[in-house]
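K.L.:
sequence and computational prediction follow.
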Amino acid sequence: MSNILEVNKVDKKYGDYTALNQVSLSVPKGSIYGLLGPNGAGKTSLIRIINQITLPDSGEIILDGAILKPDDVMYIGYMPEERGLYKSMKVGEQCLYLAQLKGLSKNDAKIQLNYWFDRLEIQGWWNKKIEELSKGMAQKIQFVVTVLHKPKLLILDEPFSGFDPVNANLIKDEIIELNKQGTSVIFSTHRMESVEEMCDYIALIHKSNKLIEGKLTDVKKQFRTNSYEVGILSENVEGLLHDLSQKFTISPTHFKSLNDELKLEINLGSSTPNELLNILISRGQLTHFMEKIPSVNDIFIKTVTE
Amino acid sequence: MSKLALIIRREFIAKVRNKSFIVMTFLSPLLFVGIAIFVGYLSQMKADLKTIAIHDETGRFVNEFKSDEEFNYVDFSKIDLKILKDSIVSESYEGLLVIPNDTNNNTLQKKIQYISNDSPGVIFVEGLEDVIAKKITAENFQKVGLDTLKINNAKANIAIHLEKASGETALKGLNEIKIGIGGVFGYLIMMFIIIYGNMVMRSVIEEKTSRIIEVIISSVKPFQLMMGKIIGTSLAGILQFLIWAILGMSAMFILSSVFGVQMGATSGVQTQQAIQMAQKGLGSEIPMYIKELWNLPIATILISFIIYFIGGYFLYSSFYASIGAAVDNETDSQQFLLPIILPLILGVYIGFFTVMNDPHGIIATVFSMIPLTSPIVMMMRIPFGVPLWQILLSITFLFGTFLGVVWFASKIYRVGILMYGKKPTWKELYKWLKY
């Protein structure tokens, strides 16, 4: 699979401060790519370089096989974290203006705008000024403005902030729908549950360096600890714990269940799950057995605090 | 449509639709006409007639004082001085001139008094002194046996005949007229810059306060944005100016037809004055003045006015745009505004003092080349006749600098935009330039 975007060894310094240090990324075509990192890690700097708002000190950006050039802005849709629209301009005019700035003809812009306004059921807002809308309503317009010119690559910085749960869901569905139609999406967020839910690929930037990048499942495999959650009903709890602690590292844990069983988290070390199972089966009634998969949240915290 | 054209269009429409723009467009001419009428009314009002009592014990001076529209001199020589002094307090007349009885003029000079409640104006007192001095001088001449008539005839009255090398008669006072014409154009340019430059600055700040800036500059280059804003706002300004010009002219036309009679009366007075002037010998030169005015390079003046108007305005609004790019809100902009206004004021001063005395001297020439002052100084020089190459050179400088400053502004913009809530200093601006 080819990449929609490649970032090659990009450096960016502001005075003495290094915002990006030799950062390279590959965003596969058709993926939803999560760009993660703590505040101040350099995510926004990178996004601004991709959007040609600032230029990198060195390194190159390749969009869809060719080096990024000024006209490429029409292929990218960008929703910055700092949202904003012209307050005293009417919604319809404003969307047309911004779409035309992205290179759409006035007619195409109108067609697209009608499509989106119908889809989001906001047809009646055409002649309202932004200052008359609520914050959530303005956010919807912001989203429409971002996707109006059918970008190949959508870059969303904290897309769900400012939305109530209903609208956040609506926008999430629209993003997934656009992705199905072939739009590649990069999104930067601190909401790990949406990364978990939506992203195929992730990259983690910390202190100006890229630390992790890859398919979400691969990253998770890389971070798996060979730990299992176990629930067991046993007559001889003392003996079981003694046997287990001989071979494995065990710690008490908690999960929801209907039984009043012994709940353990067991790290297998170099052993296989079957070795554990053999012991467990011989000692009691097994009610729960599951590999403990690291969440994106765990990976994030582990990487950043290391 | 190109992106630049789109931006220009949006800026223009945004300005023109603005309520305050509409209100000011139609209110300002009314205010202006109102003030003009008020000033006209004030200047037509006659000052109150002031009565001056004269107590002349010598009897030699009282007839020298001639009453006019402003002052009425009354002879109270026969009335007791003490009573006169008392009646000043009761304000039955403005002041009392007391000339005591002394046949010796030398001692008399120091004894003359003027008594009043309020301290009198300098010019008025000088007038009184003049009358008495003339009388005493004439008497002194007579005493030593000099013939006043002969002395008057012996006085020389010099009026040097001014002539240009080309052989035409040069006229005194023409420089004042020329500087007046240039000055009007120069002032127009300055006013326009000050009024509309601020508009550009506010428009640049707008994107930052509404936080749309990242969306916009992920679509267009800051240079295009700056350029579009400057041109769009200028067009709105020019439209407003045109409306004012049309409204002003039609208002004047309506007023003059309504108050036609009164205006006719005043112009009658003016004609009389002209006739009086003509009788004094000045009038014979009026046709020459008119001829001289027609000889002014009118086409050059108008064309260069338009070019300097646009160039000067563009240059200054790009400065205003730079300030807008550097700051977050209007209150932060104050510290940067003074350096912009100063060259404008400097231009006007150089225009009125240096150009008038020496229109083609080194100072006037240099400042008509420097882009910051050239729109004003050159406009004032042009009525005196400036070589074409100088005009072209100065225009080239002007537009070149304009492009440079827009580039500079967009450079600052790129960095300035992305730093919210930080007040910039001059030092920091310099740092931004290097990014």
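P.N.:
Ah, there it is. Numbers count the residues shown, from 1 in each chain, chains lettered A, B, ... in the order given.
K.L.:
ok, which stretches of the stretch 51-200 of chain B are strands?
P.N.:
With strands called from DSSP state E, counting those that start in this stretch, the stretch 51-200 of chain B shows them at B:71-75, B:95-99, B:113-116, B:162-163, B:169-170.
K.L.:
quickly find the element holding residue B:228.
P.N.:
Residue B:228 belongs to helix B:222-258 when assigned by DSSP states H and E.
K.L.:
same check on residue A:185?
P.N.:
In the assignment (DSSP H and E), residue A:185 maps to strand A:184-188.
K.L.:
that strand pairs with which strands, and in what direction?
P.N.:
If you go by DSSP bridges, strand A:184-188 pairs up with strand A:32-36 (parallel), strand A:153-157 (parallel).
K.L.:
following the last one, which helix or strand comes up?
P.N.:
Yep, that's strand A:153-157 we're talking about. Sequence-wise, the next helix or strand downstream of strand A:153-157 (DSSP H and E) is helix A:165-180.
K.L.:
state the phi and psi torsions of whichever residue of the stretch 51-200 of chain A sits closest to chain B.
P.N.:
Of all residues in the stretch 51-200 of chain A, the one sitting closest to chain B is residue A:84 (2.8 Å; Cβ to the nearest Cβ). The C-beta positions use only the backbone N, C-alpha and C, and glycine is treated the same way. Backbone torsions of residue A:84, given as degrees, to the nearest 10, read phi -180, psi 150.
K.L.:
so residue B:299 versus residue B:307, what's the distance?
P.N.:
Distance, residue B:299 to residue B:307, by Cβ to Cβ, to the nearest Å: 12 Å.
K.L.:
those two: which has the busier surroundings?
P.N.:
Under the criterion of other Cβ atoms under 10 Å in any protein chain shown, the comparison of residue B:299 against residue B:307 puts residue B:307 first, with 17 against 8.
K.L.:
the more buried one in helix, strand or coil?
P.N.:
Secondary structure, DSSP: H, G, I helix; E, B strand; the rest coil: residue B:307 is helix.
K.L.:
spatially speaking, which residue is in the middle of chain A?
P.N.:
Chain A has residue A:34 as the residue nearest its centroid, 3.0 Å off, counting by Cα atoms, centre = their mean.
K.L.:
OK, contacts around it?
P.N.:
Contacts for residue A:34 (Cβ atoms under 8 Å, 6 or more residues apart in numbering or on different chains) come out as A:187, A:188, A:189, A:195, A:198, A:199, A:201, A:202, A:203, A:216, A:296.
K.L.:
beta partners of the second one?
P.N.:
Beta bridges link residue A:188 to residue A:35, residue A:157 when assigned by DSSP bridges.
K.L.:
hmm, it is touching residue A:160, no?
P.N.:
No. With contact defined as Cβ atoms under 8 Å, residue A:188 does not reach residue A:160; the gap is 11.4 Å.
K.L.:
between these two, which is the more surrounded one?
P.N.:
More crowded of residue A:188 and residue A:160, by other Cβ under 10 Å: residue A:188, with 23 against 19.
K.L.:
helix, strand or coil: sort out the residue of the stretch 151-300 of chain B found nearest chain A for me.
P.N.:
Ranked by Cβ to the nearest Cβ, the top residue of the stretch 151-300 of chain B for proximity to chain A is residue B:211, at 2.8 Å. When classified by three-state DSSP, residue B:211 comes out as coil.
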